[in-house]
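[1] The sequence and its predicted three-dimensional model are supplied below.
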Amino acid sequence: MKDTLATVQTVFSWAVKHDLVTENPFVGYENGNMIRTRSSVFGRLTDLFDSYLEVAMRRSAFVRMLLVMCCFSVEILHADERPAFRTDGDPDDKRPWFQLVDGEFPPEGSAHYYSGELINVDHLKRRFVLRADRTDQQNRSHFDLPSGAMMLPYGSIYYHGAPAALEDIPLGTHLHGLFYVKDPNDQTAPLEGWHNRRSYEIDFTRCLRLEDDFSFYARQNQQWRIDELNLDEHKLTATLLQDGKTIGEPATFDLQASTRVWQGKAVVTQSDVATGQLVQLNMTWATLYGPGRLVELWIDDESRELVKSHQMARHHIYIRQRGLAGWVNAVDNKQRIVTITFFGGVNPQLFNEVIKGEQAGIAVSLESLMTYDPVNDRKRGPVLEIKTVPLQPGSSGVQIQVQPDLLLEGYRPGRIVRVYPGSWPVIALPREEQFFGQD
């Protein structure tokens, strides 16, 4: 018996040493990118048993039984490590998609990705409609159907490589998004197309991140290399690169007379595009007649940095006029201390303007991030503490404690607020952006 147990212990010590029992076959979708891990532990342990324990297993049925039980136990443990929800990279139809939990940020890799063209926007309520791109998974009868969604309170938007608001993005822009399925209690009628057909993405109504082509590719350190320019046929062929390595096959885009080409600080002609250039692009009509029609091209680093800095400046103005959004984690009623975690999707430099010991104002906000009347209804008090918390999708990783002079009904755990550092002037927003009087 001692020899048998020693044999089993030796086998699993060898497995641990060779990193067999830490294998995780989970495949997921993280930040719009496919992620994969190595082969399953069961297969590697099988190889181990064939080579290392062949003699022992022939001699002892008991050893064989123990090893099968141990292997089965390890497989169960690693099955438990798989998420209980379905993902893009591991699309097990038997598991549901991740359902968001109120007051909690979602786990990494739990969102569903799809892309499409922006065809309708309600920027005040942070709602929008995309015409989903055509894919091989769709039937032709379900091409080009609309799908509506709303930004989560902690959902982030990027345009030209910098944080943005929905109002910054022109209609017709091709966008990439990460989405979650709608709330089970959501009774909103879905959008329908011709003959009452519905997009395959119709159930994904809550958006975690939305970004244009420029931002999507730049975030992943990807660029397009110009392979061929044919001005007579209005075509441009390019190959996507990441860290200098080719991704996929070359794509041939449509050039339009209105396609803007940026170089340095100026708009140049399309004839200034040359083979070998590494560019970023934005397009429209993606997948309708090929990869898409080019709207803008940035053919050098200077032009890309310039457009990014312009959007960043616009973002700073937008946030300073409307406050930093976050939700209330806890409230100490006796000491009037409110703990707030800021949402992500904001330039981190803006959080540095919240200073410990200085005043900050807190205004109650809706899930759309619209406030009531922050000039008059925000409450002010000293910032008692600023600390970092673990980063999660939707979170900035910055948490503060403020002691306002009065606790409002809206300062409850899970509710959304906007915070105005003491150095930020609070001005009356346009009437349509104030929810006061609309309820």
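    Received the coordinates, thanks.
[2] what residue is smack in the middle of this structure?
    Central residue of the chain (CA atoms, centre = their mean): residue 209, 4.0 Å from the mean position.
[3] Which of the helices or strands spans that residue?
    strand 204-212 (DSSP states H and E).
[4] Could you list every helix and strand that that strand packs against?
    Contacts defined by 3 or more CB pairs under 8 Å, 6 or more residues apart in numbering; DSSP states H and E place strand 204-212 against strand 146-159, strand 174-181. (Glycine included, C-beta is placed from N, CA and C.)
[5] and the angle from that strand to strand 146-159?
    Between strand 204-212 and strand 146-159, the angle comes out at 40 degrees (axes from the mean of the first three to the mean of the last three CA atoms, to 10 degrees).
[6] Show the average pLDDT along strand 204-212.
    The average pLDDT for strand 204-212 rounds to 97.
[7] in its sheet, what does that strand sit against?
    The strands beside strand 204-212 in its sheet (DSSP bridges) come out as strand 146-159 (parallel), strand 174-181 (antiparallel).
[8] Mean pLDDT for those strands - can I get that in CSV?
    CSV is the format used below for the strands paired with strand 204-212 (pLDDT from 0 to 100):
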stretch, mean pLDDT
strand 146-159, 97
strand 174-181, 98
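[9] isn't residue 149 right up against residue 125?
    No - here residue 149 does not reach residue 125: they are 11.4 Å apart, not a contact under CB atoms under 8 Å.
[10] These two: which has the busier surroundings?
    Between residue 149 and residue 125, residue 149 has the larger neighbour count (other CB atoms under 10 Å), namely 24 against 15.
[11] which residues sit in contact with that one?
    The contact partners of residue 149, taken as CB atoms under 8 Å, 6 or more residues apart in numbering, are 127-130, 177, 179, 204-207.
[12] hey, where'd the helices end up in the protein?
    Taking DSSP state H, the helices of the chain run over residues 2-17, 41-52, 54-59, 61-81, 213-219, 301-322, 374-377.
[13] Let's have the helices and strands packed on strand 204-212 in TSV, adding distance to residue 106.
    Listed next are the helices and strands packed on strand 204-212 as TSV, based on distance: least, CB to CB, whole Å:
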stretch	distance to residue 106
strand 146-159	9
strand 174-181	7
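[14] who wins for proximity to residue 438 among those strands?
    In terms of CB to CB, the element of those nearest to residue 438 is strand 146-159, at 17.0 Å.
[15] Could I have the CA atoms of that closest one written out in CSV?
    C-alpha atoms of strand 146-159 as CSV (Å, rounded to 0.1, in the frame of the first residue of the first chain):
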residue,chain,number,x,y,z
PRO,A,146,-30.1,47.2,-36.9
SER,A,147,-29.3,46.5,-33.3
GLY,A,148,-29.9,49.0,-30.6
ALA,A,149,-27.8,49.4,-27.4
MET,A,150,-27.1,51.8,-24.5
MET,A,151,-23.8,52.6,-22.9
LEU,A,152,-23.4,51.1,-19.4
PRO,A,153,-22.8,53.8,-16.7
TYR,A,154,-19.2,52.6,-16.7
GLY,A,155,-19.1,52.0,-20.4
SER,A,156,-16.3,53.8,-22.3
ILE,A,157,-16.1,55.4,-25.7
TYR,A,158,-13.0,56.1,-27.8
TYR,A,159,-12.6,58.1,-31.0
